[in-house]
Structures are given as structure tokens and as C-alpha cells.
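Enquirer: Next one to model:
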Amino acid sequence: MGTKKILYITQEITPYLPDSPIATNCRYLPQAIQEKGQEIRTFMPKFGSINERRNQLHEVIRLSGMNLIIDDTDHPLIIKVASIQAARMQIYFIDNDDYFKRKYTVADDNGVEFDDNDERSIFYVRGVLETIKKLRWIPDVIDCHGWMTALTGLYIKTAYADDPCFKNSKVVYSLYNDDFKKPFSNKFIDKLKFDGIKDKEIADLKGVVDFETLAKFAIKNADGVIQSEDLINKDVLDFASKSAKNFLPYQGDLENSVDAINNFYENL
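Expert: As a prediction, this is how the structure comes out:
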């Protein structure tokens, strides 16, 4: 089979954020897949806790400068990039002062989750897709890691369905034990309505949008699902395994799973 282009959209990567199942997996999985001969791009949010000088981030002027409208407000999209030299990988960062300047990731120093996490998720996913369009890089597979990426499948199959960059892309949602506690804003569904997204396409998000609801919605809009952690929400796992989606159960650590994941991408 020929080389595939794999886009990784994640909410955490080490060393930019502390080790976690998502951060560690998204540091080493793209490298391992690249070493299998695939072409990769990797994105994460530029949270305020990331030291730009230490990690040698710099803005990519030609990719920045667009505004994304969320809830009738313009939010500038800023793109930064850094390199993990040992892996020969570039990491693209989605930045915006309104959403990502604060020094914590998804909750404050008391553990209280931010009220605008729903908008931050919308901005992040749309920011990645708009940047990929500017790069004119056409992904075969889009692998999403963390609940902040859960809307990717919705956008790929609705607002970006006819875009030449994405019309043939397959979306994978990778499952983790990354539960959040505070449901999204009750205006969340209204904030999603742009570029022709219809009520029926987001009907599953009416009512309370908690972690389980969002995860099941991501699975429903994906072409494939990978269980990336051993112990995850049982209802979400049952929903994934019983769905008609291509499903890869947990394969163990990365050394034991990279071949299976690469084959999963190849066969979507």
C-alpha cells in the first residue's frame, strides 16, 4: 500500500504538557507511525502553561491572521510551531488569547473546569481544519485524541464535507479515560450551528452534554474507533464496541500496538 497522510489532533503532548496517557501516546504514536513510512501532521492547543521560549515555539505568520466566529464573536486564529528534534516531528499549536492564554489547561488551580470549554473545543477543532486547508495537505486519516477533539467528525461530515482537503478523509476517535465533570453550556448546540450544520445533525447533543454524551457523539461521527487506554468509561466502551464502526480494542503499550494501529489506518 502507498504512503498515507495521517493527521493527529490531540489536546496533550509531552514534553509540552506533563505525562498522561494522552500526552505520552501522542508524543510517541505519531513518531512510530512516521517510522512505518506514513506522512504525519500533529496539532495541539497552545495552552498558557506551555513555555514558548523553552520549547522554541514561533508563530507561522502565513498561517495566522484568520478570525473564527463563535457565538457571534470574532476570535483571531494564531498558529505556532515547534519541533521535537529526536523524533523529526513538527508540532503545530492552535493559539488564541481568549481561549488559551490562561495558565491552566481545562480547569483552574482549584480543579474547577472552565465554563467556556465547549467554545475552546469548537475553536480548536475548527482552527486545525482551517490550518490544514491553508497548508493544502490532504489527510487520509484524522486520528483524534481527547474530548477536546470530539467535534472533528461532525465538522468533517457536515461543514467541510465538500472541501477538497477532507472529502475523502476517514476520522478515527481514540478513547481514553479523560472524563470531565462539568457539562457543557446549555447554549452549546446553538454555537455549533454554522456553515449549514442542521438540527438533525446535532440532535444527539440536545439536553445535557456531559462527557459520555460527547464521547458517544464523537463515536457516531467517526469511521473508526481505537481503545487507547485499558480502563475507560464502560458505557462509552460498550457503545463503541457494539456500534457498526471499525473498532480496535486495547492492544497494550505502544510497542505492542503500533503495528495494529498502522494496519487499522491502512484498512479504513
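Enquirer: Give me the contacts around the longest strand belonging to the chain.
Expert: The longest strand of the chain (DSSP state E) is strand 73-84. The contact list for strand 73-84, computed with CB atoms under 8 Å, 6 or more residues apart in numbering, reads 15-16, 27, 31, 46, 52, 55-60, 63-69, 89-99, 123, 127, 130-131. Glycine gets a C-beta too; all of them are placed from N, C-alpha and C.
Enquirer: quick one: it to chain centroid distance?
Expert: Centroid displacement of strand 73-84 relative to its chain, using CA atoms, centre = their mean, to the nearest Å, is 15 Å.
Enquirer: If any of the contacts of strand 73-84 are buried, put those into a ChimeraX selection.
Expert: Restricted to buried positions by 16 or more other CB atoms under 10 Å, the ChimeraX selection for the contacts of strand 73-84 reads:
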select :16,27,31,46,57,63,66,68,89,91,92,93,94,95,96,99,123,127,130,131
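Enquirer: need the helices for this structure, in chain order.
Expert: 21-35, 52-55, 97-100, 117-135, 152-157, 188-191, 211-220, 234-242, 254-266 (DSSP state H).
Enquirer: Compare these and say which comes out lowest on pLDDT.
Expert: Lowest mean pLDDT within the helices of the chain: helix 188-191, at a mean of 92.
Enquirer: list the helices and strands it packs on?
Expert: Judged by 3 or more CB pairs under 8 Å, 6 or more residues apart in numbering; DSSP states H and E, the packing partners of helix 188-191 are helix 117-135.
Enquirer: what about Leu205, how many neighbours?
Expert: 17 (other CB atoms under 10 Å).
Enquirer: One more: the one 10 residues further on?
Expert: For Ala215, the neighbour count with other CB under 10 Å is 25.
Enquirer: could you measure it against Lys80, distance?
Expert: 29 Å (CB to CB, to the nearest Å).
Enquirer: next one: Ile189
Expert: Relative to Lys80, and taking CB to CB, Ile189 is found at 31 Å.
Enquirer: Ok, Val125 next?
Expert: Distance of Val125 to Lys80, computed by CB to CB: 17 Å.
Enquirer: Between these two, point out the one with more neighbours.
Expert: When Val125 and Lys80 are compared for neighbours, Val125 comes out ahead with 23 against 19, by other CB under 10 Å.
Enquirer: for the more buried one, what are its contacts?
Expert: Here Val125 is in contact with 9, 148-149, 151-152, 155 (CB under 8 Å, 6+ apart).
Enquirer: Go again with 7 Å.
Expert: Neighbouring residues of Val125 by CB atoms under 7 Å, 6 or more residues apart in numbering: 149, 151-152, 155.
Enquirer: swap in Ala240?
Expert: With CB under 7 Å, 6+ apart, Ala240 has these contacts: 175, 219, 225, 247.
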